[in-house]
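Trainee: Output the structure for:
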Amino acid sequence: MRKRAAVLCGAAVVVAGTVTAVPADASAPSSAETAHAAKLTWKSCGTTDYPTLQCASLKVPLDHRNPYGKQITLALSRVPHTAKKSQGPLLVNPGGPGGSGLSLAGFVATSLPKAVASQYDVIGFDPRGVGKSTPALDCKPGYFNPVRPDSVPSTPAIEKANLERAKSFAAACGKKYASVLPYINTIQAVQDMDSIRAATGYKKTSYFGYSYGTYLGAVYAKLFPQRVKRLVLDSIVDPTGVWYDDNIGQDYAFDGRQKALMSWIAKYNSTYKLGTDPAKIEAKWYAMRKALAKKPAGGKVGASELEDTFIPGGYYNGYWPYLAEAFAAYVNNKNADPLVEAYENFAAIDASGDNGYSIYTSVQCRDASWPRDWNQWRKDNWAVYDKAPFMAWNNAWYNAPCAFWPTDSLRPINVANGKLPPTLLFQATNDAATPYQGGATVHELLAGSSFVVEQGGGNHGITLSGNACLDKYLAKYLTDGTVPRSGGEIDAVCPKLPDPKPLATAAASASERGSTLHGLLGFRG
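Mentor: Reported below is the predicted structural model:
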């Protein structure tokens with residue numbers, strides 16, 4: 001949820017036209033089954049990167065329990081199948097909650113082997129409230145404008161300032177979207193997904209989700225198991241911890257990823273000249289944080305914004321060379337310009353980011369119960385901070401509006417499922433945003449699932465990002481439903497991709513595909 005993750009559908013239009021979707025295989029439902037299903041009219045919205053992309057819109061009920069009540073509109077994208085026989089729709093989602101999926105359809109369709117992608121109508125969508133879907137929520141524009149209060153509430157005044165911000169955001173959402181907020185949640189979103197499936201005219205859909213999209217997919221499979229053809233989950237949310245406990249778990253994992261960055265910088269002391277001891281380099285980082293709390297760089301990057309800038313490095317190590325250069329320039333040369341540039345590239349929030357955060361909070365605060373007593377947050381987050389300080393309080397304030405949310409909460413969905421065809425799960429062992437245990441838990445809960453692990457990997461979102469071993473299993477599964485089986489807790493293991501090199505070296509850049517994917521996935525999801 002940052003400004004670099006732009007929605008591309010509808011930009012750089014290449015051709016114009018209208019196409020009405022027609023199922024191409026015998027899995028299409030009977031006319032009686034789809035009598036009340038909406039029809040989709042696809043229009044070309046091709047871009048330079050994805051010239052065959054098409055877009056459509058679909059009206060769905062605001063409240064699926066009242067199908068003839070108020071309607072809202074979902075924005076959809078599609079790369080249509082080109083094979084003679086179609087395997088039907090493949091819905092894709094980048095996570096969030098609050099991530100736009102319109103461009104992800106083009107990415108997935110062009111990243112899969114042509115022989116595989118050609119068999120599917122790859123369909124992306126902006127979930128309810130997101131992006132080009134209407135209404136699109138923006139509770140409090142400019143909520144993340146710099147410079148925010150220091151995230152660490154080291155004084156009562158700092159804690160009060162942060163609390164007032166969180167309360168004001170929750171109140172703004174409640175005032176602006178009182179009639180909508182009760183229906184911005186995962187359950188309604190998966191019912192939207194089944195409306196998309198019905199509108200395509202197929203009895204079943206396949207689904208491929210990253211991050212929060214794995215929870216979305218698991219809940220869809222729970223509510224509509226008979227509708228699932230194939231299910232791929234990559235970087236998997238622990239459904240037993242939604243959402244308060246999952247966020248606490250993230251804090252420890254992100255602290256570990258920050259330490260991994262410090263170790264990587266130590267390996268390249270000849271480039272960054274920050275030393276060879278990771279602990280001492282980390283101490284320099286916290287000294288930089290302390291200095292920025294007193295004097296923000298460029299009037300933009302204070303202590304909280306510094307954390308915002310480095311958190312993306314926990315999602316994707318392709319950002320490490322840029323973060324290391326900015327860190328070194330500030331410490332060694334008193335030059336803050338690269339740091340400000342890194343903030344603007346990786347952390348600055350624009351209108352689409354405001355929208356994404358509005359949906360993030362709306363879904364998470366509604367999906368499950370959160371402590372309403374701030375004393376509980378204070379106790380828990382100071383306990384985390386003592387052991388894993390890097391993201392502890394930054395993450396706490398990111399989620400703090402949930403302590404004051406104007407709607408009541410739903411009960412989390414038990415996604416345990418024995419009614420599915422074989423499903424395919426991917427997880428990196430050192431993923432911070434969705435720690436490894438989430439993948440292991442979902443593997444246990446989804447009977448017959450197959451678990452593929454990237455050993456030693458720390459990136460979030462690991463398929464279609466340059467790891468041929470992982471992509472081989474994905475392509476085989478989408479082709480004919482075949483999954484690896486070992487008889488053990490893990491069905492297949494792939495080695496991680498090499499870490500990046502400093503920008504000054506010839507092999508500096510991460511894979512182009514990996515960078516594109518992580519630009520689409522965004523952060524916090």
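
Trainee: And the lengthiest helix in the chain, what does it pack against?
Mentor: What stands out as the longest helix in the chain, according to DSSP state H, is helix 244-267. Other elements packing on helix 244-267 under the criterion 3 or more C-beta pairs under 8 Å, 6 or more residues apart in numbering; DSSP states H and E are helix 278-294, helix 312-315, helix 320-333, helix 374-387, helix 392-399. The way it works is simple: take the backbone N, C-alpha and C, and place the C-beta from them, glycine included.

Trainee: quick one, which of those is nearest to Y50?
Mentor: Proximity of those to Y50 was assessed by C-beta to C-beta; the nearest stretch is helix 312-315, lying at 23.2 Å.

Trainee: Off-centre distance for that closest one?
Mentor: Computed by C-alpha atoms, centre = their mean, to the nearest Å, the separation of helix 312-315 from the middle of its chain amounts to 12 Å.

Trainee: Mind listing residues that contact that helix?
Mentor: Helix 312-315 is contacted by residues 2, 253-254, 257-258, 261, 319-320, 323, 346-347, 391, 432-433, 458-461, 518, 521, 523 when judged by C-beta atoms under 8 Å, 6 or more residues apart in numbering.

Trainee: Out of the helices and strands packed on helix 244-267, indicate the one that is most buried.
Mentor: helix 312-315 (a mean of 26; mean count of other C-beta atoms under 10 Å).

Trainee: about what we covered before: what residues of the longest helix of the chain count as buried?
Mentor: In terms of neighbour count (16 or more other C-beta atoms under 10 Å), helix 244-267 has its buried residues at 244, 246-262, 264-266.

Trainee: Also stretch 104-116?
Mentor: Neighbour counts using 16+ other C-beta under 10 Å place 104-112, 116 of stretch 104-116 among the buried residues.

Trainee: Would you mind extracting the C-alpha trace of it into PDB?
Mentor: Provided in PDB are the C-alpha atoms of stretch 104-116 (Å, rounded to 0.1, in the frame of the first residue of the first chain):
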ATOM      1  CA  LEU A 104      -2.100  -8.900 -11.000                       C
ATOM      2  CA  ALA A 105      -4.200 -10.600 -13.700                       C
ATOM      3  CA  GLY A 106      -1.900  -9.400 -16.400                       C
ATOM      4  CA  PHE A 107       1.200 -10.300 -14.300                       C
ATOM      5  CA  VAL A 108       0.100 -13.800 -13.600                       C
ATOM      6  CA  ALA A 109      -1.000 -14.500 -17.200                       C
ATOM      7  CA  THR A 110       2.400 -13.300 -18.500                       C
ATOM      8  CA  SER A 111       4.500 -14.900 -15.800                       C
ATOM      9  CA  LEU A 112       3.000 -18.400 -16.100                       C
ATOM     10  CA  PRO A 113       4.200 -20.600 -19.000                       C
ATOM     11  CA  LYS A 114       2.200 -19.700 -22.100                       C
ATOM     12  CA  ALA A 115       0.900 -23.300 -22.300                       C
ATOM     13  CA  VAL A 116      -0.500 -23.000 -18.800                       C
END
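
Trainee: pLDDT averaged over it - what is it?
Mentor: When pLDDT is averaged along stretch 104-116, the result is 98.

Trainee: How about stretch 261-275?
Mentor: Stretch 261-275 comes out at a mean pLDDT of 98.

Trainee: quick one: what helix or strand has K229 in it?
Mentor: strand 228-234 (DSSP states H and E).

Trainee: roughly how far out does the longest helix of the chain sit from the chain middle?
Mentor: Helix 244-267 sits 17 Å away from the centroid of its parent chain (C-alpha atoms, centre = their mean).

Trainee: With only the CA atoms kept, save that helix in PDB.
Mentor: Listed next in PDB are the C-alpha coordinates belonging to helix 244-267 (Å, rounded to 0.1, in the frame of the first residue of the first chain):
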ATOM      1  CA  TYR A 244      -4.500  -9.400  16.700                       C
ATOM      2  CA  ASP A 245      -2.300 -12.400  17.400                       C
ATOM      3  CA  ASP A 246      -1.000 -12.600  13.800                       C
ATOM      4  CA  ASN A 247       0.200  -9.000  14.100                       C
ATOM      5  CA  ILE A 248       2.100  -9.700  17.300                       C
ATOM      6  CA  GLY A 249       3.700 -12.700  15.500                       C
ATOM      7  CA  GLN A 250       4.700 -10.400  12.600                       C
ATOM      8  CA  ASP A 251       6.600  -8.100  15.000                       C
ATOM      9  CA  TYR A 252       9.100 -10.900  16.000                       C
ATOM     10  CA  ALA A 253       9.500 -12.000  12.500                       C
ATOM     11  CA  PHE A 254      10.200  -8.600  11.100                       C
ATOM     12  CA  ASP A 255      12.800  -7.900  13.700                       C
ATOM     13  CA  GLY A 256      14.500 -11.000  12.500                       C
ATOM     14  CA  ARG A 257      14.400  -9.800   8.900                       C
ATOM     15  CA  GLN A 258      15.800  -6.400   9.900                       C
ATOM     16  CA  LYS A 259      18.700  -8.300  11.600                       C
ATOM     17  CA  ALA A 260      19.200 -10.300   8.400                       C
ATOM     18  CA  LEU A 261      19.500  -7.000   6.500                       C
ATOM     19  CA  MET A 262      22.200  -5.800   9.000                       C
ATOM     20  CA  SER A 263      24.100  -9.100   8.500                       C
ATOM     21  CA  TRP A 264      23.900  -8.600   4.700                       C
ATOM     22  CA  ILE A 265      25.300  -5.100   5.100                       C
ATOM     23  CA  ALA A 266      28.100  -6.400   7.200                       C
ATOM     24  CA  LYS A 267      29.000  -8.800   4.400                       C
END
